[in-house]
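Below are the sequence and a predicted model for it; my questions follow.
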Amino acid sequence: MEEFKDFSKYVQYMEECGAAKWGIAKIIPPKGWKPCRNLKKNLNIKKRVIENPILQEISSTHSGIYQQMNIEQSPLSVEDFKREAESDRYKPPEGSLEFIEQRYWRGLTFNPPLYGADVQGSLYDEDVQVFASHFEF
């Protein structure tokens, strides 16, 4: 877990390894990592607003070339975002992790993902020292 103590430094390392070139990276947290042990203190999460949710439109041209556009959507409460994420449109299929991942990548051009990233704040416990970024509310 040592490499995750400074998450910004880790992201910079990932970018140097090529994540910036490709625009995407899969980060798997270390075994035993838990972001939040006490969700009760975060019950006000439903009141938070995602100011600029992003719909990621991906289109396929020819020869396996893809074009991706991020389209900002109207502000969305976290509660509404959760409802959308749990809807049939975004509900993951049943099966192994490999099957689910395969279906995700195959379906990108038909069912663009909606991202609610870049929201100020943190759901991490205050004593979490690794793999976390904290912001004041």
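The structure has been received and is ready for your questions. Numbering: from 1, shown residues only.

Just give me how far the lowest-mean-pLDDT helix or strand in the chain sits from the chain centre.
The weakest-scoring helix or strand in the chain, judged by mean pLDDT, DSSP states H and E, is helix 20-22 (a mean of 73). Taking C-alpha atoms, centre = their mean, to the nearest Å, one finds helix 20-22 lying 17 Å from the centre of the chain it belongs to.

can you list contacts of it?
Residues outside helix 20-22 that contact it (C-beta atoms under 8 Å, 6 or more residues apart in numbering): none are found. The C-beta positions use only the backbone N, C-alpha and C, and glycine is treated the same way.

Name the next helix or strand following it along the chain.
Remark: after helix 20-22, the chain's next helix or strand is strand 49-50, criterion DSSP states H and E.

any chance you could map the helices in this protein?
Secondary structure of the chain (DSSP state H): helices located at 7-14, 20-22, 78-85, 97-107.

Out of these, which gets nearest to G64?
G64 lies closest to helix 97-107 among these, at 12.4 Å (C-beta to C-beta).

Which residues does that closest one contact?
So helix 97-107 is contacted by P92, P93, G95 (C-beta under 8 Å, 6+ apart).
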